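Peer 1: Structure for the following, please:
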Amino acid sequence: MTYPPNVRTAPQSAPASAPAQPPGRPPAQRGALDEAKDRLRTAATTEPGRLQIIGAVLAALVVVFGAVTAFEISDRAAAADAVLSRSQPLSADAASVYRSLADADTAASSGFLAGADKEPPGVRERYEKDIALASKLLIKAATNTDSDSESGRQIATLNEQLPVYTGRIETARTYNRQGLPLGGAYLRFANEQMTKVLLPAAQKLYDAETARLDRDDADARYWPVLSLVLGVAALGGLVWAQRRNYRRTNRVFNRGLVAATAASTVVLLWLAVGHTVARAELGDAREHGQKSLKVLNDARIDSLKARANENLVLVARGAVLTDDGKNDKYETEFSSGMKELGAGLEAARKLADDKEGRDPVTVASNSMDEWKKRHVSASSTDRSGDYEGAVDKVIGPKASTGECFDLVDDALATALAHEQSEFTRAAEDGRGALGGLPIGAAVLAVLGAAGAILGINRRLSEYR
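Peer 2: All right, here's what the predicted structure looks like:
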């Protein structure tokens, strides 16, 4: 057809059945998740489909319960093992470092009082043994500690300052052999370094290791809440499925579901009872073991510090006064240390839960009372001007305060050994209560899931 000039044709519109698509974009497609939801909704409209869904959920729930139980109990067991094989031994070693250093200082002052030519070989051997033990324990602690941690920093301080201390002690002994009073000054310098540098660092090391022990103990005793919740949920789901099966088929038992219920019940009971026993035993180790060990270690250290101050009273001979300038510093610190020792022994007696633990504490307490009486006598002798007689009453072989100190120290060592064995026994029982549970939970969970699937499949077979 021919159109007149200057006449435009109207644009033709696209058919209504073909909406315009943006250039370069393919037609919208349904996602795989949407299709899966549709299939699930379709399956849920039929009884076989619902049974398949129930079986899958039950099997998954039982498997997750077993897996979480295995994971949580493995974590608790690892913490319990750390308490027994790492944290508590390191805490005990830190206490031994402190005790060895304090005892070395005591032995050094005792040897100085006896005189270089009269120093008993046993006193010198005790000093050297203490220094060697402290050095050995510091090496052991360093291999088990991060150098950037608080424990690592205190170990570095001790390793750096210990040779300085021993050097001053040797200088004091050298001057003492020559009969020069400068030896007493070096001994006091060494004691000051011990009390102001070495022992505070050892105390911080002990505190840091004890804090690590407390953390491991808390981790081991923490309830496996998620496992318990999942166990109750799994049992609830299995009971519901069996009740549903009974209401629809009038059959009391489905063997597969009964087996799955039995397996889940065993795991849940094992979990609850095992962790309860482990928690109780670890709590017993803490209350009647670790607390007693701490109190006894503190009491033993108090006795060592008191003994060192008692010796220094005679070494300084009133040359060192308290800050107010009114009293002998070492005599004042001796009296304070004996009060702390008495309080510590009373606390240890209350914590001891058997005769083997109480008897050594009683011996230590009685020896402490005799020690105080003999100290009063030695002080009176010294004030009367009989210095040699006072020295004999402090470090002499018979009827001296040194005898009482040795009895206190030996009794506390016996009590510590007993409480250590009690702690180890209770901690081992606590760790043993968790043994086998992670593997057992995993195996029973697999069996339980298989039972649930077999039980559901038994019902599904009736529709084929």
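
Peer 1: Can you tell me which helices and strands the lengthiest helix in the chain packs against?
Peer 2: What stands out as the longest helix in the chain, according to DSSP state H, is helix 47-82. For helix 47-82, the packing partners by 3 or more C-beta pairs under 8 Å, 6 or more residues apart in numbering; DSSP states H and E come out as helix 32-43, helix 199-221, helix 225-249, helix 255-285, helix 401-432, helix 437-460. No exception for glycine: its C-beta is placed from N, CA and C like everyone else's.

Peer 1: Among those, single out whichever gets nearest to residue 112.
Peer 2: When those are compared by C-beta to C-beta, helix 401-432 sits nearest residue 112, at 13.7 Å.

Peer 1: follow-up on the earlier one: can you convert the helices and strands packed on helix 47-82 into a markdown table and add a column each for distance to residue 312, mean neighbour count and mean pLDDT?
Peer 2: Shown next, in a markdown table, are the helices and strands packed on helix 47-82 (distance: least, C-beta to C-beta, whole Å; neighbours: other C-beta atoms under 10 Å; pLDDT from 0 to 100):
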| stretch | distance to residue 312 | mean neighbour count | mean pLDDT |
| --- | --- | --- | --- |
| helix 32-43 | 82 | 10 | 65 |
| helix 199-221 | 14 | 20 | 92 |
| helix 225-249 | 56 | 17 | 91 |
| helix 255-285 | 39 | 20 | 93 |
| helix 401-432 | 13 | 20 | 93 |
| helix 437-460 | 56 | 21 | 90 |
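
Peer 1: closest to residue 334 out of those helices?
Peer 2: helix 401-432 (10.1 Å).

Peer 1: Test for you: state the pLDDT assigned to residue 56.
Peer 2: pLDDT for residue 56: 89.

Peer 1: contacting residues for the closest residue to residue 416 other than its chain neighbours?
Peer 2: The shortest distance from residue 416 to any non-neighbouring residue, by C-beta to C-beta, 6 or more residues apart in numbering, is to residue 296 (5.0 Å). Residue 296 makes contact with 344, 348, 361, 412, 415-416, 419, according to C-beta atoms under 8 Å, 6 or more residues apart in numbering.

Peer 1: Show me the residue sitting in the middle of this protein in space.
Peer 2: When C-alpha atoms, centre = their mean is applied to the chain, the residue found nearest the centroid is residue 213 (1.6 Å).

Peer 1: Now name the helix or strand holding residue 303.
Peer 2: Using DSSP states H and E, residue 303 sits in helix 291-316.

Peer 1: Alpha carbons of stretch 256-271, as PDB, please.
Peer 2: C-alpha atoms of stretch 256-271 as PDB (Å, rounded to 0.1, in the frame of the first residue of the first chain):
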ATOM      1  CA  GLY A 256      14.000 -50.400  66.000                       C
ATOM      2  CA  LEU A 257      12.700 -47.400  67.900                       C
ATOM      3  CA  VAL A 258      12.900 -49.300  71.200                       C
ATOM      4  CA  ALA A 259      16.600 -50.100  70.500                       C
ATOM      5  CA  ALA A 260      17.200 -46.400  69.600                       C
ATOM      6  CA  THR A 261      15.500 -45.300  72.800                       C
ATOM      7  CA  ALA A 262      17.500 -47.800  74.900                       C
ATOM      8  CA  ALA A 263      20.800 -46.700  73.300                       C
ATOM      9  CA  SER A 264      20.000 -43.000  73.900                       C
ATOM     10  CA  THR A 265      18.900 -43.700  77.500                       C
ATOM     11  CA  VAL A 266      22.200 -45.500  78.200                       C
ATOM     12  CA  VAL A 267      24.200 -42.600  76.800                       C
ATOM     13  CA  LEU A 268      22.200 -40.000  78.800                       C
ATOM     14  CA  LEU A 269      22.400 -41.900  82.000                       C
ATOM     15  CA  TRP A 270      26.100 -42.600  81.500                       C
ATOM     16  CA  LEU A 271      26.700 -38.900  80.800                       C
END
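
Peer 1: just checking, residue 75 touches residue 219?
Peer 2: Yes. Counting by C-beta atoms under 8 Å, residue 75 touches residue 219, with 7.4 Å between them.

Peer 1: Give me the distance between residue 392 and residue 175.
Peer 2: In this view, residue 392 and residue 175 are 23 Å apart by C-beta to C-beta, to the nearest Å.

Peer 1: typo on my end, residue 405
Peer 2: 26 Å.

Peer 1: do the same with residue 161
Peer 2: Distance of residue 161 to residue 175, given as C-beta to C-beta: 21 Å.

Peer 1: same thing with residue 49?
Peer 2: From residue 49 to residue 175 the distance is 98 Å (C-beta to C-beta).

Peer 1: Number of residues surrounding the closest residue to residue 304 other than its chain neighbours?
Peer 2: Distances taken as C-beta to C-beta, 6+ apart place residue 102 nearest to residue 304, at 3.9 Å, with adjacent residues excluded. Look at residue 102: counted by other C-beta atoms under 10 Å, it has 25 neighbours.

Peer 1: and residue 88, what is it in contact with?
Peer 2: Going by C-beta under 8 Å, 6+ apart, residue 88 touches 213, 290, 423, 427.

Peer 1: The residue lying closest to residue 407 once chain neighbours are set aside: which element?
Peer 2: Leaving out its chain neighbours, the residue that sits closest to residue 407 by C-beta to C-beta, 6+ apart is residue 367, at 3.9 Å. Using DSSP H and E, residue 367 sits within helix 355-383.

Peer 1: Need the residues that contact whichever helix or strand comes after that helix.
Peer 2: Downstream of helix 355-383, the next assigned helix or strand under DSSP H and E is helix 387-395. Residues from elsewhere that reach helix 387-395, judged by C-beta under 8 Å, 6+ apart: 110, 113-114, 310-311, 314, 317, 374-375, 377-379, 381-382, 399-402.

Peer 1: Buried only: go through the residues you listed for me.
Peer 2: Taking 16 or more other C-beta atoms under 10 Å as the criterion, what is buried in the contacts of helix 387-395 is 110, 113-114, 310-311, 314, 374-375, 378-379, 381-382, 400-402.

Peer 1: Which pair of these spans the longest distance?
Peer 2: Largest separation among the buried ones among the contacts of helix 387-395 by C-beta to C-beta: 114 and 379, giving 18.8 Å.

Peer 1: I figured residue 99 was touching residue 300, is that so?
Peer 2: Yes. Using C-beta under 8 Å, residue 99 is in contact with residue 300, at 5.9 Å.

Peer 1: Overlap in contacts, the two.
Peer 2: In contact with both residue 99 and residue 300: no residue, using C-beta under 8 Å, 6+ apart.

Peer 1: returning to what we had before: quick check: of the contacts of residue 296, which lies closest to residue 62?
Peer 2: Among the contacts of residue 296, and counting by C-beta to C-beta, the member closest to residue 62 is residue 419, at 44.2 Å.

Peer 1: Surely that closest one is in contact with residue 292?
Peer 2: Yes. Shown here, residue 419 and residue 292 form a contact pair, counting by C-beta under 8 Å, at 4.3 Å.
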